[in-house]
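Just need the structure, nothing else, for what follows:
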Amino acid sequence: MEKQYKDENQLIKQLINEAGLEQPSGAFSKNVMSAIQRRSVPMPEYVPLISAKAWRALAALTFVVICILILVPFEGVSVLQKYAHIDRISLSYTFPTFKVSNSMLYGIIFTALFLVEIPFLKRFIK
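Next up is the predicted model:
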């Protein structure tokens, strides 16, 4: 088996010697770079879809609309007066009980430890 590879290597070396190696011209790099420069297309300048002026106008419009909704009375009552009683409401809501079995708790803990361990292992391997 090794003899076959040696024969092939000798044949390849002989063919390369017969063909000879081509040497590029002295200005090869310069010619390649000039061809690349001729083909290069200038990148268009970045123009945002929404200009800064339009963002300012949108922010001002939003501010004006919010001010109008809060301060100007509709049907005789402004929004602030309409919802002024909210601070007197007591929200007494109790969350339902949530029970987790021990095996589920162990699974969550080990998964969290594994996910925390991954960055340390990546740093250790590198």
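
Could you measure from residue 104 over to residue 126?
For residue 104, the distance to residue 126 (CB to CB, to the nearest Å) stands at 34 Å. Where C-beta positions appear, they are placed from N, C-alpha and C, glycine not excepted.

Which one's more surrounded, these two?
Neighbour count, other CB atoms under 10 Å: between residue 104 and residue 126, residue 104 has more, with 10 against 5.

Helix or strand for the more buried one, just tell me which one.
For residue 104, the enclosing helix or strand under DSSP states H and E is helix 102-125.

average model confidence for that helix?
The pLDDT scores in helix 102-125 average 90.

neighbouring contacts of that helix?
For helix 102-125, contacts defined as CB atoms under 8 Å, 6 or more residues apart in numbering pick out residue 100.

Over to stretch 41-57?
residue 58.

i'd like the first residue to be 39 from this point on
Done: numbering now begins at 39, and the last item shifts to stretch 79-95.

gap between that stretch and the chain center?
In terms of CA atoms, centre = their mean, to the nearest Å, the centre of stretch 79-95 is set 21 Å apart from its chain centre.

From one end of that stretch to the other, what's the distance?
Between the opening and closing residues of stretch 79-95 lies a distance of 36 Å (CA to CA, to the nearest Å).

Let me know the average pLDDT across that stretch.
pLDDT averaged over stretch 79-95 gives 90.

Tally up the residues packed near residue 141, please.
Look at residue 141: counted by other CB under 10 Å, it has 8 neighbours.

Ignore what I typed, I meant residue 144.
Neighbours of residue 144 under the rule other CB under 10 Å: 11.

measure it to residue 65 for me?
Note on residue 144: its distance to residue 65, by CB to CB, is 71 Å.

likewise residue 59?
Residue 59 sits 19 Å away from residue 65, going by CB to CB.

Between those two, which has more neighbouring residues?
Taking other CB under 10 Å, residue 59 and residue 65 do not tie; residue 65 has more neighbours (9 against 6).
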